[in-house]
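[1] just the structure for this:
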Amino acid sequence: MITHRRPLGQPRLPYGDGVRAPQVPLPALAWLLGTALAAGLVAAVAPGPLLGRSAAPASGQLAAIVVALAVVAGLTAASATGALRRIPWVLALLLAWVGAAVFPLVLGWVEVDRGAQVGRPTDGYVREVSQVDDEPGRYLRSVAVLQRLEPPEEAPHAGMTHAPGRTLAVRGAQVLGASPGTAAAVLLAIVGGLAVPLLLVAVRSFAGIEPAQDLLPVLVALPGAALAWGSTDVLVAAIAAGVLAWGVTGAARRRGLVSAAGAGLLLGGVALTDYAVVWGVAAALACTYFARRRPLLNLVTAVTALMPLALFSQAGFAWPDGLGAARHALSGRPWAAWVIPSLVALAIAAGPAVVGAAASLRRTAGWPLLVGGAVVVLASIALGLARGGAERAWWPAALLLVTASTATPVDRRHTPWLVGLSGLTAVLLAAFVVPSWVVG
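    Modelled structure (predicted):
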């Protein structure tokens, strides 16, 4: 009798060979029921709103909602037909960038038509940007002091709870002519959209080109896009994705020292824009180096990552002091009042694909990314940094978790359902929820 064995090291497909027609996957149903139940319980007992305040759709939103649903339908159709597997890889990356930039702007159009302020990308940084002017060194020296003087019981503004790199980036955008408003939102969407193609480059290095192509619509349609659009968290995600793309692909080559050094410099940039994400990105990179038997690259990346921090230290900003100041600014809310709602917000932002993250730990080729996403979540909770604006702050972690959970050969019958449900959730969030960090 002739038997067929799968090649050594190839994971077993969980639901079949991917030839039959699409069918509803259990992860999608589990996510839908689980998040609905958890959100209902949190809304019943939590003192504040889970993701923000609810708002009824306005008549002016109809055109924006139709366009958003058309984008979701297009992503779902591309996933169902496998069209992305039939195009060149470079074109797929370009489409990923365009989709990741356009879809959040369409969702933002839905919110703006309801009356939310389009100037939300930089409203929380106006106070800090006004202090930068032409002397960033003086601003850096004052960051930790200003943060420590804030009463923790007051609601902290956006610039207080993050490393100063975000404020300097907003100031740089203003110098380029992108003042608060539509121009800043478009610029952040374009730069933040780079996170998706860069993560796909890392996925291709881990699992091959076909899983990366299948993952494209999943990442573009994540519900978190409706909560994070226009925030500087998309900038953090793009820099973190650049670290992983550079480091992961470099570790697969014989001469990866230059790539490790470049990834280290970008890792320092992540540290200067976010106090929690840097730990997860560093963990994912370290796991990759050890898995590919390149442990020396850890030293190269660590040394070069310290260079931007040393440069900022010479200018007057000490990173450990900034971390302590951010924790102090967010210390007003008790642990029990924010940790569970924050995790529910993470589950909603990551969409149904995140359900496969835990199940895929033993079989995914991208397990370092899963470790990185988990470390981001643990660091945010342990350091108390997920207390404010969690619905947008989880965006980098959601990207890492979803990327890891699907960076393996899976049954393609399920992917269209994940894309459609994620995109529809994003549209509903944009239509009915004003995130708690938005002014207006």
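
[2] what is the top helix by length along the chain packed up against?
    Assignment by DSSP state H gives helix 89-114 as the longest helix of the chain. On a contact count with 3 or more CB pairs under 8 Å, 6 or more residues apart in numbering; DSSP states H and E, helix 89-114 meets helix 62-81, helix 182-192, helix 195-207, helix 209-220, helix 225-228, helix 415-432. No exception for glycine: its C-beta is placed from N, CA and C like everyone else's.

[3] ok and the first one relative to helix 209-220, angle-wise?
    Spelled out, that is helix 62-81. For helix 62-81 against helix 209-220, the angle by axes from the mean of the first three to the mean of the last three CA atoms, to 10 degrees is 160 degrees.

[4] buried sites along helix 62-81?
    Neighbour counts using 16 or more other CB atoms under 10 Å place 64-65, 67-68, 71-72, 75-76, 78-80 of helix 62-81 among the buried residues.

[5] how many neighbours does the nearest residue to A240 once chain neighbours are set aside have?
    Excluding the flanking residues, the one nearest A240 by CB to CB, 6 or more residues apart in numbering is V281, at 4.8 Å. Close neighbours of V281, defined as other CB atoms under 10 Å, add up to 31.

[6] how about the strand or helix carrying V281 as PDB, C-alpha atoms only?
    Using DSSP states H and E, V281 maps to helix 277-291. What follows is helix 277-291, C-alpha atoms only, in PDB (Å, rounded to 0.1, in the frame of the first residue of the first chain):
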ATOM      1  CA  VAL A 277       7.200  47.900  22.200                       C
ATOM      2  CA  VAL A 278      11.000  48.000  22.200                       C
ATOM      3  CA  TRP A 279      11.100  45.000  24.600                       C
ATOM      4  CA  GLY A 280       9.000  42.800  22.300                       C
ATOM      5  CA  VAL A 281      10.900  43.700  19.200                       C
ATOM      6  CA  ALA A 282      14.200  43.000  20.900                       C
ATOM      7  CA  ALA A 283      12.900  39.600  22.100                       C
ATOM      8  CA  ALA A 284      11.700  38.700  18.700                       C
ATOM      9  CA  LEU A 285      15.000  39.600  17.200                       C
ATOM     10  CA  ALA A 286      17.000  37.700  19.800                       C
ATOM     11  CA  CYS A 287      14.800  34.600  19.300                       C
ATOM     12  CA  THR A 288      15.400  34.800  15.500                       C
ATOM     13  CA  TYR A 289      19.200  35.100  16.000                       C
ATOM     14  CA  PHE A 290      19.300  32.100  18.300                       C
ATOM     15  CA  ALA A 291      17.000  30.000  16.100                       C
END
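
[7] tell me what it is packed against?
    helix 233-251, helix 257-271, helix 296-315, helix 367-382, helix 395-406.

[8] list the helices and strands the fourth one packs on?
    With contacts defined as 3+ CB pairs under 8 Å, 6+ apart, the secondary structure elements packing on helix 367-382 are helix 195-207, helix 233-251, helix 277-291, helix 335-350, helix 395-406.

[9] what about L306, distance to L267?
    9 Å (CB to CB, to the nearest Å).

[10] do A379 as well
    14 Å.

[11] closest one to G108 among the helices and strands packed on helix 89-114?
    Distance to G108, taken as CB to CB, is lowest for helix 182-192 among the helices and strands packed on helix 89-114, at 6.1 Å.

[12] so where is the stretch 151-300 of the chain shaky, pLDDT-wise?
    Low-confidence segments of the stretch 151-300 of the chain (pLDDT under 70): 151-161, 177-182.

[13] correction: the previous question concerned the stretch 1-150 of the chain.
    1-25, 27, 40-60, 111-150.

[14] please identify the buried residues of stretch 269-277?
    Those would be 269-277, for stretch 269-277 by 16+ other CB under 10 Å.

[15] for that stretch, measure first residue to last.
    End-to-end distance for stretch 269-277: 11 Å, by CA to CA, to the nearest Å.

[16] hang on, the earlier thing: in terms of neighbours, single out the busier of A379 and L267.
    A direct count of neighbours by other CB under 10 Å for A379 and L267 places L267 higher, at 28 against 20.

[17] OK, contacts around that one?
    By CB atoms under 8 Å, 6 or more residues apart in numbering, the contact set of L267 is 243, 278, 281-282, 285, 301, 304-305.

[18] what of S380?
    Going by CB under 8 Å, 6+ apart, S380 touches 276, 342, 386, 393-394, 397.

[19] quick one: neighbours of the residue nearest to A263 when sequence neighbours are not counted, just the number.
    Excluding its sequence neighbours, the residue lying closest to A263 (CB to CB, 6+ apart) is G247, at 3.5 Å. Using other CB under 10 Å, G247 has 32 other residues around it.
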